[in-house]
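Q: Return atomic coordinates for the entry below.
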Amino acid sequence: MEEKNLLAIVGPTGIGKSEAAMALARTTPAEIVVVDSMQVYRGMDVGTGKPDHSTRAEVPHHGLDLADPEEEFNVAKYVEQVRPVIEQIQARGRLPILVAGSGLYLRALLDGLCPAPGENSALRKDLVEEAGQIGSPTLHARLQERDPIAAARIHPNDLRRIIRALEVHSLSGQPLSVWHKETSGLLDSGWKGRLVGLTCGREPLYQRIESRIDGWLAGGWVEEAKALFGRTLSKTAREALGYRELFDWLEGKADWQTTVQRIKQNTRRYAKRQWTWFKADPRIEWNELFSSIST
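A: This next block holds a predicted model:
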């Protein structure tokens, strides 16, 4: 059987993942898969750092423009559309290079999505109200009785995860830990993946982030936000980093200088969260910014 190999390049926003992927794709038969929760939206181009048309013409890119911004898009829909594309890239004899800013979306592709029942808003509301009366540790004790494996992984004060585990048990009669055993991603299906992380000092990254934001704002991001502003956007699209601050500015809730500073500050905070997520994955090989990557 022919080996199925993929490469994932991960790291915080602005660090140069796309540039590294393009450099590699110019030297080996490859196609790029963008693993990003916001670049899936059509018309949200400048402010998400979406590769331009000349870049896409040079090397095929996938995972972009999958939904209109009015549509609620999620990780399950992403995996459903993109996983077959990765299989097709391999069938063409090319290396799939995953450029991943979204740790959740990457994990779903590589390690799979739990097929447990979806959210039940009425049940969740009841559990939240009950937690307010008896406290999350008491709910955690209930979870310990129903699913001791899940309870051992969840802190007694982590109400969100406690409620999810109890919700799954109530809806299906099966512990969440049982559902997790049925999870299957690419790495469970004969694929071999190499994960490369790009890193650098905080200050150089923050300087790159601020310079990029200034370029985007001068290069059409404001006009893009204005075009989206009058549309009935999904909650996810409306809350996209940078766009929500520009929408507040368009509504007169903040002046321009404050808006720009908020975009930069929130982007720096987002980069820190990305670092935290990826640093927790022991499979990732870390490389300093601009270091060479070989397959």
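Q: neighbouring strands for the longest strand seen in the chain, and are they parallel or not?
A: Criterion DSSP state E: the longest strand present in the chain is strand 191-199. The strands that strand 191-199 pairs with in its sheet are strand 4-10 (parallel), strand 284-288 (parallel) (by DSSP bridges).
Q: Can you tell me which of those strands is packed in deepest?
A: The highest average neighbour count among those, using mean count of other C-beta atoms under 10 Å, belongs to strand 4-10 at a mean of 21. C-beta here means a position set from N, CA and C on the backbone, and glycine is covered the same way.
Q: Mind telling me which residue is nearest the centre of the chain?
A: S102 (2.3 Å; C-alpha atoms, centre = their mean).
Q: Isn't that one up against V35?
A: Yes. Contact status for S102 versus V35: in contact at 5.6 Å, counting by C-beta atoms under 8 Å.
Q: thinking again about what came up before, now the strands paired with strand 191-199 in TSV, with distance to Y206 and mean pLDDT?
A: Formatted as TSV, the strands paired with strand 191-199 follow (distance: least, C-beta to C-beta, whole Å; pLDDT from 0 to 100):
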stretch	distance to Y206	mean pLDDT
strand 4-10	19	96
strand 284-288	16	91
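Q: got JSON lines for these, with distance to K17 too?
A: Shown next, in JSON lines, are the strands paired with strand 191-199 (distance: least, C-beta to C-beta, whole Å):
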{"stretch": "strand 4-10", "distance to K17": "5"}
{"stretch": "strand 284-288", "distance to K17": "11"}
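Q: How much space separates R94 from V59?
A: Per C-beta to C-beta, to the nearest Å, R94 is found 10 Å from V59.
Q: oh, I was asking about L198
A: 18 Å.
Q: between those two, which one's more packed in?
A: Counting neighbours by other C-beta atoms under 10 Å for L198 and for V59 shows that L198 has the greater number, 23 against 16.
Q: Just the buried positions in the helix or strand that the longest strand of the chain is followed by, please.
A: Sequence-wise, the next helix or strand downstream of strand 191-199 (DSSP states H and E) is helix 202-216. The neighbour-count check on helix 202-216 (16 or more other C-beta atoms under 10 Å) flags L205, Y206, R208, I209, E210, R212, I213, W216 as buried.
Q: Surely P137 is in a helix?
A: Yes. Per DSSP: H, G, I helix; E, B strand; the rest coil, P137 lies within a helix segment.
Q: count of residues packed around the spatially closest residue to it that is not a sequence neighbour?
A: Counting by C-beta to C-beta, 6 or more residues apart in numbering, P137 lies nearest to P156, which is 4.3 Å off, once chain neighbours are set aside. Residues lying near P156 (other C-beta under 10 Å) number 16.
Q: ok, now R283?
A: 11.
Q: Give the bridge partners for the nearest residue to E3 once chain neighbours are set aside, please.
A: Among residues not flanking E3 along the chain, K192 sits closest, at 6.4 Å (C-beta to C-beta, 6+ apart). Beta-bridge partners for K192, by DSSP bridges, are N5.
Q: shouldn't K192 be in contact with L7?
A: No. When contacts are counted by C-beta under 8 Å, K192 is not listed as touching L7 (10.0 Å).
Q: Buried residues in the helix or strand where Q274 lies, which are they?
A: For Q274, the element it lies in under DSSP H and E is helix 256-279. Within helix 256-279, the residues that count as buried by 16+ other C-beta under 10 Å are 259-260, 262-264, 267-268, 270-271, 274-275, 277-278.
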